[in-house]
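Peer 1: here is my input, please return the structure:
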Amino acid sequence: MSRPFRFTFILGLAGLGTGLAAVGGWRYARASAPVSGPIVVISIDTLRADHLPAYGYKKVRTPAIDALAADGVVFERAYSHAPQTLPAHASLLSGQLPFETGVRDNVGFTVKNGVRLLPQMLRDRGFTTGGVVSAYVLRKETGVSQGFDFFDDEMPPSPPEVSIGQVQRDGQESEAIAEHWLASIGTARAFLFLHLYEPHKPYAPPERFGAYDPYDGEIAYSDEIVGRLVRYLKSHQLYDRSTVILLSDHGEGLGDHGEQEHGLFVYEEAIHVPLIIKQESNAGAGRRVTDLVQHIDVVPTILDLVKAPGSSLLRGRSLKPVLEGTGHLPEPKVYSEALYARYHFGWSELTALTDDRYRYIKAPREELYDLQLDTRERTNIAGERPQARQALRGALDRVAAGATIPAPSQISA
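Peer 2: Prediction:
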């Protein structure tokens, strides 16, 4: 090799190494830099994961959610801790289980004093925080407004015969309020929590979605509302900088296991929820995660993304390793409870523990389901697999050790 050629070759290698180092450094810097753009959590009430095309459903079109899923990371096995709006959201926003937040039903409970919610944690990191809800059961008096700089829970007038669970605001109105708030704060360092009550009963979608079954029609309408918010973010050059988390608080029975709505049971249709996380710059776009995850993982994940310190009170795990594709998560055992029947009918409460294979339900007659072989939970194998049943029952007892089931307080319903 001639000396000039050797010199040129060495310079080329040095340049290539510098370039690769720069690319690697840029990637590391992007991964290690705290999120500073908007963080948006969209909670679509009563939305079953298996009624979204992003999860394989074919009977409704949801182009906005599909696009968000394409830009983000889809979690295929995400679970709620309670099949009711207020208890589920209290856990979601606190990172604590229902017996820790003190919220066990939609009526008669408020978030315990001193429970720090996610908006307060983000305010401490310099975020401006806003919440817009679409249901009376999430009104300020429940305590879920703690830590928000702005919280809008104004509901339209409703006749006295309407139950509190059906007092709601059209999601389109809530989304417009959220847009106005984002436009008014003058900063991109914002946390927005937007709650939509479609597809909660009564299923009454706009006529343009009349070709669908009513429940699916409301899903299509909620998708349209999500699309409006995404268009706002894009038109204001915020979308690429945003972390957008779309999820549901719980599912809906739709006749499975004999339940039309929700609150009584802790089967798959009631507690399996969608979870889609679109990261800043669409990092990890198109990835699908099969690890078992839960509502109480959301708070640690957001705190990790903004580089905020965690808390020993948080049972959940940051999902950042699977968002980045750098590893798997330690397998959790997901706790869920349904106390509606106890408080309203005097029946037995139900508690459940879900792991990577089984769901154990503690009830007057114990239930155990193999979720790999029996996804619709039709065959109770508690008697056939005593070892699995006993192991999960013991684990459930340890998770809820010391927890009691108090009577609801006499507060305004």
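Peer 1: residue ranges with poor pLDDT in this protein?
Peer 2: Of all residues in the chain, those with pLDDT under 70 make up the ranges 1-32, 410-413.
Peer 1: name the nearest residue to His257, sequence neighbours excluded.
Peer 2: Of all residues not flanking His257 in the chain, Tyr267 sits nearest, at 5.2 Å (Cβ to Cβ, 6 or more residues apart in numbering). (Each C-beta comes from the backbone N, C-alpha and C, glycine too.)
Peer 1: where's the one you found relative to Asp105, distance?
Peer 2: Distance check for Tyr267 against Asp105: by Cβ to Cβ, to the nearest Å, it reads 19 Å.
Peer 1: who's more crowded, the two?
Peer 2: The neighbour comparison of Tyr267 against Asp105 (other Cβ atoms under 10 Å) goes to Tyr267, with 24 against 20.
Peer 1: gap between that one and Leu254?
Peer 2: 11 Å.
Peer 1: now the most centrally placed residue in the chain: how far from Ala211?
Peer 2: Taking Cα atoms, centre = their mean as the criterion, Leu247 is the residue nearest the geometric centre of the chain, at 3.9 Å. Distance of Leu247 to Ala211, computed by Cβ to Cβ: 27 Å.
Peer 1: swap in Glu261?
Peer 2: 23 Å.
Peer 1: more neighbours: these two, which one.
Peer 2: Neighbour totals were compared for Glu261 and Ala211, and Glu261 leads with 14 against 11 (other Cβ under 10 Å).
Peer 1: can you map out the helices along this protein?
Peer 2: Using DSSP state H, the helices of the chain run over residues 3-32, 63-71, 85-94, 98-101, 118-123, 171-184, 214-235, 268-271, 298-305, 320-324, 340-345, 386-399.
Peer 1: these into TSV, with extra columns for mean neighbour count and distance to Pro408?
Peer 2: What follows is the helices of the chain, written out as TSV (neighbours: other Cβ atoms under 10 Å; distance: least, Cβ to Cβ, whole Å):
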stretch	mean neighbour count	distance to Pro408
helix 3-32	10	46
helix 63-71	19	35
helix 85-94	29	11
helix 98-101	23	13
helix 118-123	22	25
helix 171-184	18	27
helix 214-235	21	29
helix 268-271	26	21
helix 298-305	22	25
helix 320-324	18	37
helix 340-345	16	6
helix 386-399	15	23
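Peer 1: Leu313: which of those is closest?
Peer 2: Nearest of those to Leu313, taken as Cβ to Cβ: helix 98-101 at 7.8 Å.
Peer 1: residues in contact with the nearest residue to Val111 once chain neighbours are set aside?
Peer 2: In this structure, Val111 finds its nearest non-sequential neighbour in Gly143, 3.2 Å apart by Cβ to Cβ, 6+ apart. Contacts for Gly143 (Cβ atoms under 8 Å, 6 or more residues apart in numbering) come out as Ala90, Val103, Thr110, Val111, Lys112, Val115.
Peer 1: quick one: which of those residues is nearest Ala308?
Peer 2: Val115 (17.0 Å).
Peer 1: before we move on, the earlier item: filter the contacts of Gly143 to the buried ones?
Peer 2: Buried subset of the contacts of Gly143 (neighbour count, 16 or more other Cβ atoms under 10 Å): Ala90, Val103, Thr110, Val111, Val115.
Peer 1: check the spacing between the second one and Gly143 real quick.
Peer 2: Distance check for Val103 against Gly143: by Cβ to Cβ, it reads 8 Å.
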